[in-house]
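Undergrad: With the sequence up front, the predicted model follows.
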Amino acid sequence: MISQNSIDTVITSADIVREVERAGVKLTRSGTTLKGCCPFHDEKTASFTVNEKNQFFHCFGCGTGGNVVTFTMKKYNRTFVEAIKQLASNYSITLEETKTEPKDVEKEKETELLKDVYKRTAQYYIGRLHGKASEYALSRFSEKTLQIFKIGYAPDEWQGLWNHLLNECRMPESLLIKSDLFRQNKNGGYYDFFRNRLMFPIFDRVGDVIAFSGRIMPSITQLTDESQPKYLNSSESILYKKKEVLFGLNFAIPAIRKYDVCIVVEGNADVVKLHQLKITNTVAACGTALSAEHIKTISRYTKNICLLYDCDKAGLEATHKNALKIIEAGLNCSVLRIPDTGDGTKQDPDSYFRSEKQFADDYTRYTLRTLYTQSIYCAASIFPNLQTNEMDVFDIYFKKLLENEL
């Protein structure tokens with residue numbers, strides 16, 4: 001097997017523009033992106049775009065998109081491993097191999113089959129995003145953003161996805177059961193786990209769908225159970241380890257490297273909104289708890305983490321807890337706070353930036369810089385000699401922050 005370090009090296013070294021042009025696609029610059037005719041379907045008007053800054057491609061004609069590995073796999077009909085080897089050869093990268101056991105071969109085979117299930121599921125949800133669900137999604141995000149993040153809708157049907165994958169995609173029932181997309185009823189049958197929710201695919205670092213997060217839509221959903229969670233997430237699986245996966249990282253890596261800082265927010269919607277506003281070095285941990293594994297993953301790309309959480313008490317407490325973890329891991333931590341509305345209402349990043357009327361790139365960058373300058377709390381500057389045994393000093397500082405004494 002190819003080591004993870006080698007895979008990361010290939011992904012960060014390979015250039016999407018160079019690989020697309022190597023494949024014979026003629027690109028012309030259009031603003032901040034490059035455009036050309038899609039190599040995956042016939043078209044006369046160019047709808048295939050390449051984002052050089054963030055190193056991903058997307059076709060608005062057929063919906064195909066991803067990073068340089070995804071492009072190589074699809075263009076040359078390669079498996080993931082074959083694509084990594086091809087790109088490594090193109091950039092003269094020596095790959096580190098680890099010993100392959102028979103169980104690893106079986107695991108890799110199962111992984112590829114499950115990824116196909118999730119890929120087809122994402123396509124199913126995208127195809128169901130219309131009517132009131134589409135109106136709700138477009139009230140929050142642009143059409144382009146919905147396409148890039150492959151956001152869709154899980155219809156309010158008990159077996160819509162099950163029947164689609166089983167009957168139309170001809171997938172074996174045993175594989176669907178392993179996917180964790182379904183639950184078993186009292187009669188032994190299976191029903192869709194996600195229903196009547198806006199669906200956010202969760203990607204791995206190379207852009208493959210490995211899980212889903214479904215958000216309730218209050219404006220169009222008649223809630224019969226007030227305890228119904230705002231987000232419903234996939235359970236852990238052979239593909240998805242919650243303590244390791246960061247939502248949006250596959251899109252954020254180039255910007256994190258460029259700006260040498262990773263902004264961590266609480267929810268998927270926060271990530272998508274900030275990416276739409278060109279603040280693309282943003283990720284989320286699908287919740288407020290950053291794990292040691294999350295921090296280690298981020299440290300591969302930068303030693304600087306900025307926390308941008310909700311301004312309610314829970315958000316501040318999560319900021320406190322996670323900031324200590326980051327500093328204990330030897331990284332630099334800063335905290336960015338969204339200002340109050342003036343009437344006592346606490347905003348989250350998504351609602352704050354959604355309320356802004358002017359979305360020009362320079363304005364949004366200026367807004368973020370202003371917030372950063374006026375509201376930042378940098379542990380490194382406040383406590384330049386902070387050591388692990390001095391955590392109690394930092395702890396007192398954040399307790400004062402929680403009590404609004406700062």
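TA: Sure thing, it's come through. Because the structure is a prediction, the values reported are computed rather than measured.
Undergrad: Domain parsing of this protein, as residue ranges.
TA: Listed by automatic domain parsing, the domain ranges of the chain are 4-90, 102-233, 249-402.
Undergrad: And the second one, how far out from the chain middle?
TA: Here domain 102-233 is found 15 Å from its chain centre; the criterion is Cα atoms, centre = their mean, to the nearest Å.
Undergrad: Low-confidence bits of this protein, can you list those?
TA: Applying pLDDT under 70 to the chain picks out residues 100-104, 219-227, 287-288, 337-406.
Undergrad: give me that answer again for 80
TA: By pLDDT under 80, the weakly predicted segments of the chain are 1, 32, 98-107, 218-228, 286-288, 310-314, 316, 336-406.
Undergrad: now the most centrally placed residue in it: how far from V264?
TA: Closest to where the C-alpha atoms of the chain average out (Cα atoms, centre = their mean) is G248, at 2.0 Å. As judged by Cβ to Cβ, to the nearest Å, G248 and V264 stand 10 Å apart. Placement of C-beta: from N, CA and C, glycine included.
Undergrad: cool, and I202?
TA: When I202 is compared with V264 (using Cβ to Cβ), they lie 16 Å apart.
Undergrad: okay, these two: which has more neighbours?
TA: The neighbour comparison of I202 against V264 (other Cβ atoms under 10 Å) goes to V264, with 28 against 24.
Undergrad: give me the beta-bridge partners of that one?
TA: Residues in a beta bridge with V264, per DSSP bridges, are V283, L307.
Undergrad: just checking, what packs against whichever helix or strand E106 is part of?
TA: Element membership of E106 [criterion: DSSP states H and E] is helix 102-127. Judged by 3 or more Cβ pairs under 8 Å, 6 or more residues apart in numbering; DSSP states H and E, helix 102-127 is in contact with strand 152-154, helix 173-178, strand 197-203, strand 209-215.
Undergrad: Could you pull out the buried residues of that helix?
TA: 111, 114-118, 120-126 (16 or more other Cβ atoms under 10 Å).
Undergrad: Likewise for stretch 87-107?
TA: 87-88, 90, 93, 95.
Undergrad: quick revisit: shared neighbours, G248 and V264?
TA: 282-284 (Cβ atoms under 8 Å, 6 or more residues apart in numbering).
Undergrad: among those, which ones are buried?
TA: Looks like the shared contacts of G248 and V264 have 282-284 buried, using 16+ other Cβ under 10 Å.
Undergrad: Nearest to T32 among the residues you listed?
TA: For these, the minimum distance to T32 (Cβ to Cβ) is 17.4 Å, reached by T282.
Undergrad: what residues are up against the closest one?
TA: 248, 252, 262-265, 270-271, 274-275, 308.
Undergrad: Surely Q276 is in contact with L146?
TA: No: counting by Cβ atoms under 8 Å, Q276 sits too far from L146 to count as a contact (9.7 Å).
Undergrad: Could you check stretch 137-148 and say which residues are buried?
TA: Using 16+ other Cβ under 10 Å as the test for burial, stretch 137-148 gives 137, 140-141, 145-148.
Undergrad: How about stretch 21-34?
TA: Buried residues in stretch 21-34, counting neighbours by 16+ other Cβ under 10 Å, are found at 25, 27, 34.
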